[in-house]
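1. Pasting the sequence and the predicted model now:
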Amino acid sequence: MIPYGRQHIDNDDIQAVLEVLSSDFLTQGPLVPRFEQAIAQFCGANYAVAVNSATSALHLACLALELGPGDRLWTSAVSFVASANCGRYCASEVDFVDVEPLTGNICLKALSAKLGEAERQGTLPKVLVVVHLAGQSVDMAALGALTRPYDIRIIEDASHALGAYDGADRVGQCRHSDICVFSFHPVKPITSGEGGMAVTQNPVLAERISSLRSHGITRDVQKMPSAPDGDWYYAMTELGFNYRLTDIGAALGLSQLHKLPGFMAKRQALAANYDKALPTPWQPLAINAPAHCAYHLYVVRYPGISLSQKAEKFSALRSAGIGVNLHYIPIPNQPYYQSLGQNPAHYPGAQQYYREALTLPLFVDMTDAQQQQVLESLR
């Protein structure tokens, strides 16, 4: 089976991990701060905080922005459920914005209309989680101009988009957002095994996320409410979590980061090959600037197809050894969110995307022969 995605691990990555395994620190050592500094520098951000998953990073980002009961979080109707669940973890209400069916990204026209209606009803969100689907950034300058008058805090869910650009800015620079979150799951642009990162230009947000990822504990005397009992003392000043990344993961992530430009070039080349050779009526997602896209995923559309027809093609491709997948079922379609009152019919763009979209295999080590096998199976 040709998988839809998989990690690339070489001897440098293995050696980096072995060095940590032979060191004094498997976790809470020097590699995590180095990885954080490298990601911050790569993105052009002032601060980066490593955690054990992008889901954890989204949760902590929401807490750092003081999302809580009585507040509202909005996110894209098409994403992995973590983009919405982070709001529920904070006991806030969650709602969705429809997407452009040709890109799968949030529809700014739909967002504008929803904001206007929410302002009239007094139901504006406190936080908007913006998803960069498949590695293509949303137009953050346009989104920022649209949301700024409403004083909404912005989190970029860039789990797919490390290395991508938004115009002249690298994703993660946070020019138009408060926090940007990345994922290092094995099929993402780089991997740390499991892992995530929150980047920001704001020192207060960075400090809060850093505290919350490790039980809300500090050893900094200046941050303790009273004098310590001795040099052994630590103070838990708030309820936090065990969301730390290990030094093993950080070593792998650091090694992978050096190879990211090459990874992106290979992904973009494979995507260009697909673009030229896709048989009719398959169409690629609309990508505004292919050279700026991280191409974590290569998603195609079959215009006008029904779900039952797509299910037949999905099954036939899997039977032919092609590991196609679907990213994603619209979150409002999920039973949990329907139980909270969501109606999938309110998001026609997301439903069209869901009917038509299919993810084809694309990964760094994919061979020409494997790509030709995918294309021949589509034909």
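-> Structure's in. What do you need? Numbers count the residues shown, from 1 in each chain.

2. For the stretch 151-300 of the chain, which segments count as helices?
-> 203-212, 247-257, 260-277 (DSSP state H, counting those that start in this stretch).

3. Just the buried positions in the shortest one, please.
-> Think helix 203-212. Neighbour counts over helix 203-212 (16 or more other C-beta atoms under 10 Å) mark 205, 206, 207, 208, 209, 210, 211, 212 as buried. The way it works is simple: take the backbone N, C-alpha and C, and place the C-beta from them, glycine included.

4. so who does the closest residue to the first one other than its chain neighbours touch?
-> Of all residues beyond its chain neighbours, the one nearest residue 205 is residue 64 (4.8 Å), with distances taken as C-beta to C-beta, 6 or more residues apart in numbering. With contacts taken as C-beta atoms under 8 Å, 6 or more residues apart in numbering, residue 64 has the following neighbours: 179, 205, 208, 209, 212.

5. do you know how far the residue nearest to the first one when sequence neighbours are not counted is from residue 118?
-> Sequence neighbours aside, residue 61 is the residue nearest to residue 179 in space, at 4.4 Å (criterion: C-beta to C-beta, 6+ apart). Between residue 61 and residue 118 the distance is 21 Å, computed by C-beta to C-beta, to the nearest Å.

6. and the residue nearest to residue 4 when sequence neighbours are not counted, what are its bridge partners?
-> Closest residue to residue 4 apart from its sequence neighbours, by C-beta to C-beta, 6+ apart: residue 325 at 4.3 Å. Taking DSSP bridges as the rule, residue 325 bridges to residue 359.

7. ok, residue 325 to residue 275 distance?
-> 19 Å.

8. Among those two, which residue is more densely surrounded?
-> residue 325 (17 against 14; other C-beta atoms under 10 Å).

9. per-residue pLDDT, residue 28?
-> Listed pLDDT for residue 28 reads 91.

10. Got phi/psi on it?
-> Phi and psi for residue 28, reported as degrees, to the nearest 10, are phi 50, psi 40.

11. and if you look at residue 78?
-> phi -120, psi 110.

12. That one: neighbouring residues, count only.
-> Residue 78: 32 neighbours (other C-beta under 10 Å).

13. so it touches residue 133, yeah?
-> Yes. Using C-beta atoms under 8 Å, residue 78 makes contact with residue 133 at a distance of 6.5 Å.

14. Give me the common contacts of the two.
-> What both residue 78 and residue 133 touch, as defined by C-beta under 8 Å, 6+ apart, is the set 99, 104.

15. In contact with the residue nearest to residue 179, which residues are there?
-> Contacts of residue 61 (C-beta under 8 Å, 6+ apart): 86, 155, 178, 179, 181, 198, 205, 209.

16. just checking, it is part of a strand?
-> No. Under DSSP: H, G, I helix; E, B strand; the rest coil, residue 61 falls outside any strand and is assigned helix.

17. For it, give its distance to residue 128.
-> Taken as C-beta to C-beta, the span from residue 61 to residue 128 is 12 Å.

18. again with residue 329
-> In terms of C-beta to C-beta, residue 329 sits 21 Å off from residue 128.

19. Neighbour count: those two, which is higher?
-> A direct count of neighbours by other C-beta under 10 Å for residue 329 and residue 128 places residue 128 higher, at 26 against 15.

20. how far is the one helix or strand the more buried one maps to from where the chain is centred?
-> Residue 128 is part of strand 127-131, with elements assigned from DSSP states H and E. What separates the centre of strand 127-131 from the centre of its chain is 11 Å, taken as C-alpha atoms, centre = their mean, to the nearest Å.
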